[in-house]
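**Student:** for reference, the sequence and a predicted model appear below.
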Number of protein chains: 2
Amino acid sequence: MYKLFLALTGVWMVSTSAMAQDINRATTAPLTPAPLTIVIHGGAGALEPGRYTAEEEAAYRAKLNEALEVGYAVLEDDGSALDAIEAAIVLMENSPLFNAGKGAVFTREGKNELDSSIMDGATRNAGAVAGVTKVKNPIKLAREVMENSVHVMFAREGAEKFAKEHGLEMVKPKYFRTEHRWQSYKKALKAEKENKQSALPIDYKWGTVGALALDANGNLAAGTSTGGMTLKRYGRVGDAPIIGAGTFADNNSCAVSATGHGEYFMRLTIARDICAQVEYAGKTVDAAADDVIHNRLENFGGDGGVIVLGPNGDYAMTFNTAGMFRGVKNASGLQEVAIYGD
Amino acid sequence: MYKLFLALTGVWMVSTSAMAQDINRATTAPLTPAPLTIVIHGGAGALEPGRYTAEEEAAYRAKLNEALEVGYAVLEDDGSALDAIEAAIVLMENSPLFNAGKGAVFTREGKNELDSSIMDGATRNAGAVAGVTKVKNPIKLAREVMENSVHVMFAREGAEKFAKEHGLEMVKPKYFRTEHRWQSYKKALKAEKENKQSALPIDYKWGTVGALALDANGNLAAGTSTGGMTLKRYGRVGDAPIIGAGTFADNNSCAVSATGHGEYFMRLTIARDICAQVEYAGKTVDAAADDVIHNRLENFGGDGGVIVLGPNGDYAMTFNTAGMFRGVKNASGLQEVAIYGD
């Protein structure tokens, strides 16, 4: 039966050159150098035009452009997709603008608990950490777990112990605190008490950074880093550190980083589902992202977005929220950042 | 392009009635009552005939049969698939024979840290907990998280705090300790020190329990519970509590519970991949499990097994280890338990 299936899809593949190209990458080396590409996001949400002042908007756009340029420079310098996404994510973690690293949102108890994960599309090695409070750059810790441990994922104190043993840069928990997020936290607590959903701050629900890259060797990588959800309960693990939910990368299909209401992303295994639709249903990255975000996630009542990158350089930046901080830079000379919907 | 793909697979589906039946379940109500089915596993590993005494073997077989009967009785009594798998898993958690609940293996620090997850195929609601040390039945806690929290996953102290608040039965950490596992732990520590891989105890690497069920309403459910890997590092999270890795259930494709070297199962998103192959490549549960275990997992150098159950009652119990504790009971009068390979 399955052979018949393969024969039929084989016929179909020959008739669709773009798709055949994607699928051939699974088993053959690329004939031409891969088109260097980096795609990033800085969180999806109720981002309506007018939400930010012109100065705030300019600051976001400048930081997104900087992340694209830093990551792309790594690729141009023959660096790996992993190095490129790490560089871009570290820059966003270090910026107070995004809900990752410095500038993370607060848990119900008024703490910053950070999650991150990374995946190498060439080897499908992966690393993930959940609930760290003293590691300056969680994405670096996720990579250290991937490269220098026999495990894929560490949570909380165990993750921090590993970080210390492996010489990661540690900071005091207050390093992550910004006055803006603290005020959002207090506002969210108050709104919850008064049961005023409409009064909840814009960053109540989510906000995450992520990056994908395609390097000169045709390798994909994906990474995600977040402070999670404002008012999240102690010990809650969201989608960002879950391989297959918030992050996935496989040279045979695609790379994905997600941002949104993480619980829906975990139940739908959003990142893996998009790559599975590319791998098994022969969809383009765009069509797969469309189905998962505008059909499956929406039917569940979930909100958020994804960035997706295929091994041929095709990409998608898809969301069902009003906006998503996002950007792409590639070998065709494209460099674009955006905040709001079209 | 995608329409062409559907048209071709459509032609193929019509020619394979069993497959067409599976896929029709995705969009239409079942015409006949679903064939009540429960499938369980109690861990995969180097289970060669002769490994256990006749008495030990009989004890394992008796407990597997008991778990099947307890779960199946729930289904016969018009209970839900979720209730059936919970009953079967609780029974295995309470038995010192399996590496879940009482009888869990020890971490590097000599502790028992338990992981569990559950998923409802009808709603794709899910609950998961990682690293609990004082909750008697982690599968009950996973279900409580699924049904009575806004989150999907809690780790460590946060999970325990939630358990206490929700009235789960709490025990002292020493409740989980058995002399057999303690001796295995000491042997593993010694073997590691002397770098004698061959001297490692049989339960060094893994051991997990899981159950799947199909109820009279045609709903699938999956659950997994484990003590993880002997000598696992503090805070390590394995595949058992990861939705898409150790556990997945969707009425539109299948239900899966996995057991094995968890790191590989996380990187390959084993449970979701099997259901994705059913959903998008139109495979039978058996063919999908075969590909993922004997092709993908094996190519990665990983070991372990899965149980899989489809919405029409088709099931698979697939492993690339010498054996896997397993069993199935269904409406056709089948009741079967096994330990070793064929």
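**Tutor:** That came through, no problem. Computed from a predicted model, the values in this text were never measured in an experiment. Numbering: from 1, shown residues only, chains lettered A, B, ... in the order given.

**Student:** which non-adjacent residue is nearest A:Ser257?
**Tutor:** In space, and not counting its chain neighbours, A:Ser257 is closest to A:Gly210: 2.8 Å by Cβ to Cβ, 6 or more residues apart in numbering or on different chains. C-beta here means a position set from N, CA and C on the backbone, and glycine is covered the same way.

**Student:** can you tell me the SS state at the one you found?
**Tutor:** Under DSSP: H, G, I helix; E, B strand; the rest coil, A:Gly210 falls in the strand class.

**Student:** how close does A:Met324 sit to chain B?
**Tutor:** Using Cβ to the nearest Cβ, to the nearest Å, one obtains 22 Å as the distance from A:Met324 to chain B.

**Student:** count the neighbours of that residue for me.
**Tutor:** 25 (other Cβ atoms under 10 Å in any protein chain shown).

**Student:** just say helix, strand or coil for A:Arg296.
**Tutor:** Under three-state DSSP, the three-state class of A:Arg296 is helix.

**Student:** tell me, what's the model's pLDDT at it?
**Tutor:** As predicted, A:Arg296 sits at a pLDDT of 97.

**Student:** ok, it touching A:Ile274?
**Tutor:** No. A:Arg296 is beyond contact range of A:Ile274, at 9.9 Å (criterion: Cβ atoms under 8 Å).

**Student:** these two - which one has more neighbours?
**Tutor:** Using other Cβ under 10 Å as the criterion, A:Arg296 and A:Ile274 rank with A:Ile274 on top: 31 against 17.

**Student:** what sits against that one?
**Tutor:** The contact partners of A:Ile274, by Cβ atoms under 8 Å, 6 or more residues apart in numbering or on different chains, come to A:248, A:254, A:256, A:285, A:288-289, A:292, A:306, A:308.

**Student:** using TSV, lay out the residues you listed together with pLDDT and distance to A:Lys174.
**Tutor:** Formatted as TSV, the contacts of A:Ile274 follow (pLDDT from 0 to 100; distance: Cβ to Cβ, whole Å):
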residue	pLDDT	distance to A:Lys174
A:Phe248	98	33
A:Cys254	98	39
A:Val256	98	33
A:Val285	98	40
A:Ala288	98	41
A:Ala289	98	38
A:Val292	98	38
A:Val306	98	32
A:Val308	98	36
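
**Student:** sitting in helices, which of the residues you listed do you find?
**Tutor:** A:285, A:288-289 (DSSP state H).

**Student:** which of those residues lies closest to chain B?
**Tutor:** Closest approach between those and chain B, by Cβ to the nearest Cβ: A:Ala288, at 9.8 Å.

**Student:** for the closest residue to that closest one other than its chain neighbours, give me its contacts.
**Tutor:** Of all residues not flanking A:Ala288 in the chain, A:Gln277 sits nearest, at 3.8 Å (Cβ to Cβ, 6+ apart). With contact taken as Cβ under 8 Å, 6+ apart, A:Gln277 is in contact with A:283, A:287-288, A:291-292, B:280.

**Student:** nearest to A:Ile339 among those?
**Tutor:** A:Val292 (22.1 Å; Cβ to Cβ).
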